[in-house]
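Colleague: The following block contains a protein sequence and its predicted model.
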Amino acid sequence: MSTHIGAKKGDIAETILLPGDPLRAKYIAENFLEDVTCYNEVRGMYGYTGTYKGERISVQGTGMGVPSISIYVNELIQEFDVKKLIRVGSCGALQEDVKVRDVILASTSTTDSQMNRMTFGGIDFAPTANFDLLKNAYEVGETKGIKPLVGNVFTSDSFYRDNAMDLFKQLAEYNVLAVEMETTALYTLAAKFNRQALAVLTVSDHILTGEETTSEERQTTFNDMIEIALEASIK
Ligand SMILES: O=P(O)(O)O[C@H]1O[C@H](CO)[C@@H](O)[C@H]1O
Ligand SMILES: O=c1cc[nH]c(=O)[nH]1
């Protein structure tokens, strides 16, 4: 058992899906995995292990933001030796040609989080997706008829920010596709511990147009993202 995960050694698979929302972890376990056991309820941050097409896979809620996901990823790697970590999250589109319900594979991440600057003495580390996972996910998406978008996402420390539009427009000019709150931390920790990581994101709302998905639509498009992540992890 680690500080925030009430599992025993061996309870967690080497491959894990990481939604921000613990209820999305429950949804994935109940709808996509077989022979499921719940290994964590500490803080309501559910974690489950089961099988997908015969392969052992876990799914763990991470909470929102860099500090929260950093706690779970550190413990998953250092205490439970997890090797392949795939975030399955939602994001807000920053580009006009990125549409609500699109699936994005984050090749890299830009951030306003100070965590890496503190770690690296003020220089900007470039957090990067694992190429094999990214390639697998892209190919799985194409096979399913969902061409994922691939690019830079903004990992923000703020969901609510004063004068956000100026920054969002500038990031859009520099080809950042969407905003979310965890990918920088996931990729940086994966690099530190030499693990494979990828963020697969569904556009849940559009920052420029204000368009949002309904909860039903969100579920269907989240299913595409979840299938892409699961298939990419076993490819
Ligand atoms: O849907 P999840 O995975 O939680 O991701 C996004 O949603 C949350 C904000 O509503 C942040 O965690 C952001 O990154
Ligand atoms: O606009 C959004 C949507 C999802 N997640 C975010 O962080 N921002």
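Modeller: Received, thanks. Numbers count the residues shown, from 1 in each chain. Ligands and ions are numbered 1, 2, ... in the order given.
Colleague: Could you use CA atoms for every contact and neighbour count after this?
Modeller: OK.
Colleague: What helices and strands are in contact with the helix or strand of the chain with the lowest mean pLDDT?
Modeller: Taking mean pLDDT, DSSP states H and E as the measure, the chain has helix 215-234 as its least confident helix or strand, at a mean of 88. In terms of contacts (3 or more C-alpha pairs under 8 Å, 6 or more residues apart in numbering; DSSP states H and E), helix 215-234 is packed against strand 15-18, strand 84-93, helix 131-143, strand 196-206.
Colleague: Which one, of these, ends up nearest to Tyr174?
Modeller: strand 84-93 (13.7 Å; C-alpha to C-alpha).
Colleague: buried set for the next helix-or-strand element following the closest one?
Modeller: Going down the chain from strand 84-93, the next helix or strand is strand 103-111, by DSSP states H and E. Neighbour-count burial for strand 103-111, counted by 16 or more other C-alpha atoms under 10 Å, picks out Val103, Ile104, Leu105, Ala106, Ser107, Thr108, Ser109, Thr110, Thr111.
Colleague: Pull the residues that contact strand 103-111.
Modeller: 126-129, 134, 137-138, 146-157, 183-184, 198-203, 225 (C-alpha atoms under 8 Å, 6 or more residues apart in numbering).
Colleague: need the residues of the chain near ligand 2, please.
Modeller: Proximity of the chain to ligand 2 (C-alpha under 6 Å from any ligand atom) is limited to residues Ser90, Cys91, Gly92, Phe159, Val179, Glu180, Met181, Ser204, Asp205.
Colleague: again, 8 Å this time
Modeller: 89-93, 155-156, 158-159, 178-181, 203-207 (C-alpha under 8 Å from any ligand atom).
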